[in-house]
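Colleague: Sequence and computational prediction follow.
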Amino acid sequence: MSSGGAGGAGPGSTSSGGGTATAVEDLRLEIPVQRPRRVENFVALCFAVSVLATIGLAIIYSLGGQTQAEGALLGVGLAGIGIGVAAWGKYLMPQGPFREDRHELPTTEEDKEAFGAAFSRGAVAVERRGFLGKLLGAAITVFSIVGIFPFIRSLYNPRPGNALDFTQFRPGSRLVRIDGNPVMADDVDVGGVLTVFPEGHEGDAVSQTLLIRASSVPITTLPGRETWSPHGYLAYSKLCTHAGCPVSLYQQQVQQLLCPCHQSVFTILNGARPIFGPAPRLIPQLPIMDNGDGFLRAQSDYQEPVGPGYWERNTSTTLNPPKNKAAG
Amino acid sequence: MKSRDKPRPSVEDRTIELARWVDDRFGVARFGKTTLNKIFPDHWSFLLGEIAMYSFVILIITGIFLTLFFVPSTHEVVYNGSYVPLRGQRVSEAYQSTVDLSLNVRAGLVMRQMHHWAADIFAAAVVVHLCRIFFTGAFRRPRELNYMIGLTMLILVIVNGFIGYSLPDDQISGAGLRIAFSIFLSIPIIGTWGAFLLWGGNFPGNGDIIPRFYSLHILIIPAVIAGLLAAHLGIMWHQKHTDFPGKEKTNRTVVGSSFWPTYVAKTTGYFFIIFAGLALLGGLFQINPIWLYGSYEPFKVSYAVQPDWYMGWLDGALRIMPAWETQFASRYLISAPFYPAVILPGLTFGILYAWPFIEARFRPEDKTQEHHLLDRPRDRPVRTGLGVGVLTFYVMLFFASSTDVLANTLKVSLNGVLWTFRIGTPTIPIVVGLATYQICKELSRAPSAGLRKRSNVVVRSPDGGYTTVPADIHPGDDVREPPPEELPEEAVRRGGGRGPEGGEEEVGVGADRSEATGVTPPRRFGGLLRPRHRPAGSS
Ligand code: FES
């Protein structure tokens, strides 16, 4: 039973008697340091530093705050508590090692039987009324389908439709800058680039087009595109065919475009063919024209979907462009 | 006997009184006793899970602060705040409120940066924790399900990290969203539909994506993580912690320090230390200064587009993947991002989920046996070799996400870097895996490898000869670790009893000895803790 001196020991686990005694009978209940005083001092210091740092934090904060000082003082304040408490636990509390038996996770066979039996009571009850069970299943299935319908339907708006197949360029759309100013044929010097949009859709994420003045004379990038580059202007979709990042790093000396996201490189003189990196397709080129009034205009929309691939991307049939709603 | 004449009862008595009060109302004495007595094994690697958990707690604390100021809206406004370079620009409310809470709200930037760092540390701790679990075989029966819960949390952490990264609507996170949209698009059959559903139309959508991400980020996903975390801990608690094999450690016992008060003190300390570390990171190391990037405009170029580190492997895979696209009957297309950004993560997590069952197929004894003792990685050369190989693969992918940075810093051509990675990523892991396998084999052949290192002491005998004897590990080692000896069964069962007079029941300890030496025996914490052995002197 109890030993006589127990009541006289210091409170709780920090019994200083345990530290000095070497002949105590159970060393696992002893704290693991020889000189607990030192640890006590250290822990006390930690807590004191924490208090000071946190007061400092309060002062900094009330004076208006300063990010680095706040972080440093908060860090020191918390570290003081943390290191102090951890050291207290590690050096001034018994470390054991103690041992605990693991309980068998599986219980007895009888228990398992009883559990299974109780469980099967329900299964049997359902099985007896098999018809009702099936009907209930049907009811729940129908309910779930109909139940998620409004949820999906209200999210599912607008539907994809053929939104990915077209941009906002229409035959005759003027090319405009982000601020809406139309681009004139002599606005860009050879070697210059400009991001343009169809008039009325400035900033449109899908229609964004990179206008490059690659030369002063028309360039034929691919057969059939003889008329697409008046005054040496080439217009390519700005959407990378890989994952849709804006391709606009134009390297004039090598006549290449670089995509910033995964470094696909396209050569602009032969239809923006990818020569490097993960982009799988040529960047669609916009056929442009100069009607003689000096404005650069789109001859039509892009001839194929711009941007990254998608499941319904179709290469066989001719696309039916939507009705012309373009301004200008 | 305890002296009763003191006016104020001792701490011990008051505590016991409290325990009685609680038990009278809830009947939890038995549960409480086992809980406080629970043994936690000690090993530095068991701290990894704690780092993850505490990062999560700090994410919630700092996150709550951020919700007080963040406005989840893509509505455009003209910036008029204190950051001069942005004045007059059209920005989204999400962006504006993030800039404001960073620059104008007191302690706002510390909180935001702590939040960001905590997310990075959280993901890192989970990944390293997963490696520990994998290489030591802690996923084996009976812990397969808990392992799968952990994996699910890893996925959620990555997803929620990405979503949170996207919320400020800055130029860089917007580029990330653009890529995410394209990845959705690449999924066959349902991809287009899914992307339009989530974004509310073709990219950049109708402005719904930020509010939707917001409720996912601050409510739905954290709630799921919290639920899974509770299950994860509950199962761990019930099944008890694993431990490395070692002296006196068997499959049927847990050896370590007790939950109360030692483990509680240490783990509370660790919580504050992790909190402190994150505060220092958040205060002193700038992360994601979005006011420099500007509000997202889909047509603006974004430089150095690099995601947070835990998305790096996906970004790397997107970069080094050959430009493959598959067109079906010229009607349908499987586009380029599908393989690196959908198939690869699918396979990664699919195999990880299946791993405990795959391994059990090859080791049928694992199916019938409970495993509580961990493997040392070297003792499982095949698993370790495979694991290290696969890990190398992901490390390669991670570095591949900085092909441009590498090319710039090393002054080599981007082409060279890309091809190095294209060739190296599938081959180097095989070499590394095989080498690991071989090293494990060699190590397990060396009988002394892995034992605690002992220095040798050279002793000169009186006749002038020299002999080498192994030194003690610690001075007084044999005193501290007496040879194992079971307690009598009865003493074990009784441990924790306390006499009606409040006397202490000594467990397997000769009280006479301490009286004889005149030394006060250390307290037994209400007699709840049971020593591992009978002490050397009393048997
Ligand atoms: S988006 Fe252009 S290379 Fe990936």
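Modeller: That came through, no problem.
Colleague: so A:Trp209 makes contact with A:Leu286?
Modeller: In this structure residue A:209 is Thr, not Trp. Yes - A:Thr209 lies in contact with A:Leu286 (CB atoms under 8 Å); the separation is 5.5 Å. Just so you know, the C-beta spots here come from the backbone N, C-alpha and C atoms, and that holds for glycine as well.
Colleague: shared neighbours of these two, which are they?
Modeller: A:169, A:235-237 (CB atoms under 8 Å, 6 or more residues apart in numbering or on different chains).
Colleague: Name the member of those residues that has the highest neighbour count.
Modeller: A:Phe169 (31 neighbours; other CB atoms under 10 Å in any protein chain shown).
Colleague: Quick check: nearest residue in space to the closest residue to chain B within chain A, chain neighbours excluded?
Modeller: Nearest residue of chain A to chain B: A:Gly71, at 0.7 Å (CB to the nearest CB). Leaving out its chain neighbours, the residue that sits closest to A:Gly71 by CB to CB, 6 or more residues apart in numbering or on different chains is B:Gly283, at 0.7 Å.
Colleague: give me the element the one you found is part of.
Modeller: helix B:264-284 (DSSP states H and E).
Colleague: on contacts alone, who are the packing partners of that helix?
Modeller: helix A:67-91, helix B:47-67, helix B:108-135 (3 or more CB pairs under 8 Å, 6 or more residues apart in numbering or on different chains; DSSP states H and E).
Colleague: by how many degrees do the following helix or strand past the longest one and helix B:108-135 diverge?
Modeller: Read in the C-terminal direction, the helix or strand following helix B:108-135 is helix B:144-166, with elements assigned using DSSP H and E. Inter-element angle recorded for helix B:144-166 and helix B:108-135: 150 degrees (by axes from the mean of the first three to the mean of the last three CA atoms, to 10 degrees).
Colleague: between helix B:144-166 and helix B:47-67, how big is the angle?
Modeller: Using the same axes, to 10 degrees: helix B:144-166 against helix B:47-67 is 40 degrees.
Colleague: Could you give the average pLDDT over the helix or strand just after helix B:144-166?
Modeller: Downstream of helix B:144-166, the first helix or strand assigned by DSSP H and E is helix B:171-185. For helix B:171-185, the mean pLDDT works out to 93.
Colleague: same check, this time on stretch A:42-55
Modeller: Per-residue scores along stretch A:42-55 average to 97.
Colleague: which element follows the helix or strand hosting A:Gly133 toward the C-terminus?
Modeller: Assessed by DSSP H and E, A:Gly133 sits inside helix A:130-155. Note on helix A:130-155: by DSSP H and E, the next helix or strand toward the C-terminus is strand A:175-176.
Colleague: Tell me which other helices or strands that following strand touches.
Modeller: Counting by 3+ CB pairs under 8 Å, 6+ apart, strand A:175-176 packs on strand A:193-198, strand A:296-298.
Colleague: Restricting to C-alpha, output stretch A:80-87 in CSV.
Modeller: Output in CSV follows, covering the C-alpha atoms of stretch A:80-87 (Å, rounded to 0.1, in the frame of the first residue of the first chain):
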residue,chain,number,x,y,z
GLY,A,80,9.0,30.3,-26.1
ILE,A,81,5.9,28.6,-25.0
GLY,A,82,6.5,25.7,-27.4
ILE,A,83,10.1,25.0,-26.5
GLY,A,84,9.4,25.5,-22.8
VAL,A,85,6.5,23.1,-22.7
ALA,A,86,8.2,20.5,-24.8
ALA,A,87,11.3,20.7,-22.6
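Colleague: give me the number of residues near the residue in the stretch 251-400 of chain B that the ligand sits nearest to?
Modeller: With CB to the nearest ligand atom, the shortest gap between the stretch 251-400 of chain B and the ligand falls at B:Leu318, namely 6.1 Å. Using other CB under 10 Å, B:Leu318 has 26 other residues around it.
Colleague: The one 4 residues further on too?
Modeller: With neighbours defined by other CB under 10 Å, the count for B:Pro322 comes to 11.
Colleague: Find me the pLDDT at it, would you?
Modeller: On the pLDDT scale, B:Pro322 gets 91.
Colleague: Doesn't it belong to a helix?
Modeller: No - under DSSP: H, G, I helix; E, B strand; the rest coil, B:Pro322 sits outside any helix and is assigned coil.
Colleague: and it, how far is that from B:Leu280?
Modeller: Noted for B:Pro322: a distance of 43 Å to B:Leu280, by CB to CB, to the nearest Å.
Colleague: pretty sure the residue of the stretch 251-400 of chain B closest to the ligand contacts B:Val342?
Modeller: No - counting by CB under 8 Å, B:Val342 is not a contact partner of B:Leu318; they are 10.9 Å apart.
Colleague: and of the shared contacts of A:Thr209 and A:Leu286, the nearest to A:Phe276?
Modeller: Using CB to CB, A:Tyr236 comes nearest to A:Phe276 of these, at 16.4 Å.
Colleague: I'd like the next helix or strand past the helix or strand containing the closest one.
Modeller: A:Tyr236 is part of strand A:233-237, with elements assigned from DSSP H and E. Using DSSP H and E, the helix or strand that follows strand A:233-237 towards the C-terminus is strand A:249-251.
Colleague: which parts of the helix holding A:Gly133 are buried?
Modeller: Residues of helix A:130-155 include none that count as buried (16 or more other CB atoms under 10 Å in any protein chain shown).
Colleague: Work out the gap between it and the centre of the chain.
Modeller: 34 Å (CA atoms, centre = their mean, to the nearest Å).
Colleague: same check, this time on stretch B:68-87
Modeller: Its chain's C-alpha centre and that of stretch B:68-87 lie 35 Å apart, by CA atoms, centre = their mean.
Colleague: What are the contacting residues of it?
Modeller: Taking CB under 8 Å, 6+ apart as the rule, stretch B:68-87 contacts B:88-94, B:96-101, B:103-105, B:108, B:167, B:169, B:207, B:209-211, B:213-214, B:291, B:294-295.
Colleague: among those, which are in strands?
Modeller: B:90-92 (DSSP state E).
Colleague: Now list the buried members of these.
Modeller: The neighbour-count test (16+ other CB under 10 Å) applied to the ones in strands among the contacts of stretch B:68-87 identifies B:91-92 as buried.
Colleague: From the ones in strands among the contacts of stretch B:68-87, pick the one nearest chain A.
Modeller: B:Arg90 (9.4 Å).
Colleague: Name the nearest residue to that closest one, sequence neighbours excluded.
Modeller: B:Glu76 (5.2 Å).
Colleague: quick one, phi/psi of the one you found?
Modeller: The phi/psi pair for B:Glu76 (degrees, to the nearest 10) reads phi -90, psi 140.
Colleague: Let me know the pLDDT of it.
Modeller: So B:Glu76 comes in at 92 (pLDDT).
Colleague: so what's the closest residue to chain A within chain B scoring on pLDDT?
Modeller: Closest residue of chain B to chain A, CB to the nearest CB: B:Gly283 (0.7 Å). Here the pLDDT value assigned to B:Gly283 is 96.
Colleague: I'd guessed it sits against A:Gln66; true?
Modeller: No - applying CB under 8 Å as the test, B:Gly283 and A:Gln66 come out as separate, 9.3 Å apart.
Colleague: Grab the nearest non-local neighbour of B:Glu93.
Modeller: B:Ser73 (4.1 Å).
Colleague: residue in the stretch 1-150 of chain A nearest to the ligand?
Modeller: A:Ile148 (33.7 Å).
Colleague: And that residue, how far from A:Val142?
Modeller: Using CB to CB, A:Ile148 is found at 12 Å from A:Val142.
Colleague: Between which two of the shared contacts of A:Thr209 and A:Leu286 is the distance greatest?
Modeller: A:Phe169 and A:Tyr236 (12.5 Å).
Colleague: Can you pull the residues that touch both of the two?
Modeller: With CB under 8 Å, 6+ apart, A:Phe169 and A:Tyr236 have common neighbours A:209, A:286.
Colleague: picking up where we left off before, ok, now which ones touch the residue nearest to A:Gly71?
Modeller: A:67-72, A:74-75, B:110, B:113-114.
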